[in-house]
Structures are given as structure tokens and as C-alpha cells.
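Asker: structure of the sequence below:
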Amino acid sequence: MSRQPPKRLWKRVYTVVIGDNLGLHESLGFVGSFSANYPCRFCKAPKEIIRRQLTPDSALLRSKETFHEDLALDDSKGRYALKTFSGEVLLTQDQVSLLNPSSARELVNKLLMALFGRDMLISSSLTGQRCNLHKVIFASQIYYGLTTKEFRKLSFQFALQNSINCPKTWHENKTAGVEWCAKFLKRHPQLSIRTPEGTSLSRATSFNKANVDTFFDNLGAVLDKYKFAVNDIYNCDETGVTTVQQPRKIIAQKGVKQVGAVTSAERGTLVTVCFAVSASGNSIPPMLVFPRVNFREHFIANGPPGCCGSANPSGWMKEDDFLKFLKHFQEVTRCTKDRPVLLLLDNHESHVALSVINFCRDHGIVLVSFPPHCSHKLQSLDRSVFGPFKKFVNEASDG
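Answerer: So this is what the prediction gives:
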């Protein structure tokens, strides 16, 4: 008999592969058949018999008919290699010294693949992890992301479909465990639990390659026809600004449930602001739409230089309000039929009214509309302007 391997070499192997690793053994289903008198859940002989063995003996292992597994520890050649009965070497003495938790999990996968012909641990199965990972990411990308409860149920169904052995509690609850789900997220840092933003079905389905290609084909045709300069191309859109600012983050005592900040009121009034920004970085003085029946000039006192205003009971942009903005836009840009400008905007009903189209045709404003429900992806103001603008408004209001 060769010398016994140093304890430090086998410590990690026993812990992860053969030793008392509750997570591994629970997944393999051996919880009820193990006690401290047995070196591992694969062995049906106690420690006293195992210690006297010089060579592997298949009679001392669980039978294939009951647990469908074969495992042997062969140290007769002094290499301290972990082998299967098929003769495949799974671990050598040199590899033991380099073993870490990550490589130990890979070893377990390799061992089970050699014994069973497939992975038995869904928690450490690379194939199962990648399959679940791709399903979760794809579901979130098509606006049908999975909750943790749905993901655990899907994982359990995946395990059943692929004949993967899983804990008894999974079968009782018909779902994967909460701890397994937490560890799955920890193993994949590219995943996190997020609160999704409500997205209508029309918006989710309208942004597709066909619609985007059609838009850029139309835009390209217009640019080729009119040869617009950079400062003659404008993006136009509206956004809502509340009269009560959102307080910024402050430093407060840790553990306090509620922290307040003084504002002008509990709830504010929404004012619509219409912007037009050119590709060169210049902007048209904005127009503000107030939720009032009649507009008064003092509404825009101390407002942005050159701005204009309008009012209606709802405070939203309507046909008459947008027509007033276009007149303001034409006065600032001085566009004519001989010197046209390009205006990119969405197809809101106030933007495509007949009076609006006639005014634009008579004053050299070329309109190009984004595809329906695609402005959240194609409108540059939504993508990069309105967010910083509202942040600066909050900071100015806090000041």
C-alpha cells in the first residue's frame, strides 16, 4: 500500500466531492441514507472497512440498480487519482493542490457526466445554467421578464424535463428553492432583480427592423433631395415638468424609516414644455403649455429668454398649441420655401393635423415622422436631453 496522501491535499476533495457537503448530497438525494459512520453517500460500507482497503472494491459502493452510479478512489499507484470504473482519471495529485471551489464544482460535473452520462446537479450544471440564463435574458428583452417565482418554477420544470435529480422539497413544492435562486443570481452577476417599466403592447411590437428601416429610408430620401445643412435639421418633442421638484438625495441618519425635505407643495401641477433642438446643438426657445383655460403673459415671466406660452384645461399639447409653436419656430429659424428646414417629430395627433401640415408646406418646414411607438428608441431628445434637463430643473428648484 502506498503512503497516505497528505490531509491538506484531500481536504478540499472530501469537502466538495466526497465529504459532508450538504448542498451536493441533498441535490443527489442521499440525505436520508447517510450517517457519520460512512465516509460518503456513495459508500454502503462503514469507515472501518473502507480504511482497510488497498484497492477499489465495487462491492463496497451503492449498486447501480439503486442509485445508478459508480465511484472509486484509486490510490494504489501513489498518484492519488480519483477514477471511475471505466478507467477515466478525474483528478491527479498535482490537480488536488490547485483545487479551489470553482474547479471543484467543475470536477463534480465531470465526475457525474462520467458516471451518469449527463449532469445531475442543476445548481452547478454549466449546461443548465446557460440554458436558464439565456431564457431569462431573452424573456426580459421581449418585455416578458420572469419573476423570481416564475423562474424557480421554470427551473424545476427544466430539471424534470431533462431527468435531473433535484431535492425532495422541489418535488413537494413543484418549484426550485429560494436559496438555489439566490445562489444562481450570485453565480451570474450579469443578472439582477429589476423593477420593469410599464410598456404597452403596441410600443413593444412596433420597434422592429422593418419599421426602423422604412424610417431611415424615408429620412435618407429627404436628405438627398433637400441637401439640408446640419443647422437646418431639428428634433421636436414635448415633455412634462412638475411645479413641485423631486428632492435630491441627502445625508441622514441610518436606520430612520422616513426622511423628508421641504417642497412648495405635496403634489405639483404638470406643465408641458415643447423643445426643438438642431443637429448642430442650437435650440429654439421653448414653448410652455399651462393647465389653464386662458393664457396670461405673466405665466412665462422670468422664463427662458425668447420663450412663448399657451394654455388649455388639460395642459397637454393640442393642435392649436402646436400650431402656435410652429409659428414661433418659423420666426426663430426664418425658414422659407427657398430655404427649408427639416423637423423630426413623432406622429402625435397634434403634430399631423391638417392645419399644421398646411402651415409647414407654406413656410418651408419639411416634416418627417418617427414610426408609431418608436420615439423611445429613435427620438434623440428622449434618449439624451430630457433626462438631464429635468435633473437640472430639480437642482435649480432645490437651490
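
Asker: domain map for this protein?
Answerer: 7-116, 126-187, 208-244+266-398 (automatic domain parsing).

Asker: residues contacting the spatially closest residue to C307 that is not a sequence neighbour?
Answerer: Closest residue to C307 apart from its sequence neighbours, by C-beta to C-beta, 6 or more residues apart in numbering: P285 at 4.6 Å. Backbone N, C-alpha and C define where each C-beta goes, glycine included. Residues counted as contacts of P285 (C-beta atoms under 8 Å, 6 or more residues apart in numbering) are P304, P305, G306, C307, C308, H328, V332.

Asker: so the fourth one makes contact with P286?
Answerer: Yes - the criterion here is C-beta atoms under 8 Å, and C307 meets it with P286 at 5.3 Å.

Asker: neighbour count: these two, which is higher?
Answerer: Higher neighbour count among C307 and P286: P286, with 24 against 15, using other C-beta atoms under 10 Å.

Asker: now that one, what's its secondary structure?
Answerer: At P286 the chain is in strand, as set by DSSP: H, G, I helix; E, B strand; the rest coil.

Asker: if I look at it, how far off is L381?
Answerer: P286 sits 11 Å away from L381, going by C-beta to C-beta, to the nearest Å.

Asker: which strands and helices sit next to the helix or strand containing L343?
Answerer: Using DSSP states H and E, the element containing L343 is strand 341-345. In terms of contacts (3 or more C-beta pairs under 8 Å, 6 or more residues apart in numbering; DSSP states H and E), strand 341-345 is packed against helix 209-226, strand 233-242, strand 365-369.

Asker: in that strand, which residues are buried?
Answerer: The neighbour-count check on strand 341-345 (16 or more other C-beta atoms under 10 Å) flags V341, L342, L343, L344, L345 as buried.

Asker: format those as JSON lines; extra columns: pLDDT and distance to G387.
Answerer: Below are the buried residues of strand 341-345 laid out as JSON lines (pLDDT from 0 to 100; distance: C-beta to C-beta, whole Å):
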{"residue": "V341", "pLDDT": "95", "distance to G387": "26"}
{"residue": "L342", "pLDDT": "95", "distance to G387": "24"}
{"residue": "L343", "pLDDT": "95", "distance to G387": "22"}
{"residue": "L344", "pLDDT": "94", "distance to G387": "19"}
{"residue": "L345", "pLDDT": "93", "distance to G387": "19"}
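
Asker: including distance to A182, could the residues you listed go into a markdown table?
Answerer: Below are those laid out as a markdown table (distance: C-beta to C-beta, whole Å):
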| residue | distance to A182 |
| --- | --- |
| V341 | 56 |
| L342 | 52 |
| L343 | 51 |
| L344 | 46 |
| L345 | 46 |
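
Asker: which one of the residues you listed is nearest to R267?
Answerer: L345 (30.1 Å; C-beta to C-beta).

Asker: right, and the closest one touches L367 too?
Answerer: Yes - between L345 and L367 a contact is recorded at 6.9 Å, counting by C-beta under 8 Å.

Asker: now the helices for the stretch 101-250 of the chain?
Answerer: Here the stretch 101-250 of the chain has its helices, by DSSP state H, counting those that start in this stretch, at 101-116, 126-141, 148-161, 168-173, 178-187, 201-206, 209-226.

Asker: make TSV out of these and add mean pLDDT and mean neighbour count.
Answerer: Shown next, in TSV, are the helices of the stretch 101-250 of the chain (pLDDT from 0 to 100; neighbours: other C-beta atoms under 10 Å):
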stretch	mean pLDDT	mean neighbour count
helix 101-116	52	17
helix 126-141	67	14
helix 148-161	86	17
helix 168-173	89	13
helix 178-187	88	14
helix 201-206	74	13
helix 209-226	91	12
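
Asker: just give me the neighbour total for P305.
Answerer: P305 has 5 neighbouring residues, counting by other C-beta under 10 Å.

Asker: relative to R334, how far out is it?
Answerer: Distance from P305 to R334, by C-beta to C-beta: 18 Å.

Asker: same thing with V244?
Answerer: Here V244 is placed at a distance of 38 Å from R334 (C-beta to C-beta).

Asker: D321 belongs to a helix?
Answerer: Yes - according to three-state DSSP, D321 belongs to a helix.

Asker: quickly find the element holding the spatially closest residue to it that is not a sequence neighbour.
Answerer: Distances taken as C-beta to C-beta, 6+ apart place S310 nearest to D321, at 4.5 Å, with adjacent residues excluded. Assigned by DSSP H and E, S310 belongs to strand 308-312.

Asker: what packs against that strand?
Answerer: strand 283-291, helix 319-333.

Asker: tell me which of those sits nearest to T175.
Answerer: Closest approach to T175 among those is made by strand 283-291 (48.9 Å; C-beta to C-beta).

Asker: each with direction, which strands does that closest one pair with?
Answerer: With DSSP bridges as the test, strand 283-291 is paired with strand 270-278 (antiparallel), strand 308-312 (parallel).
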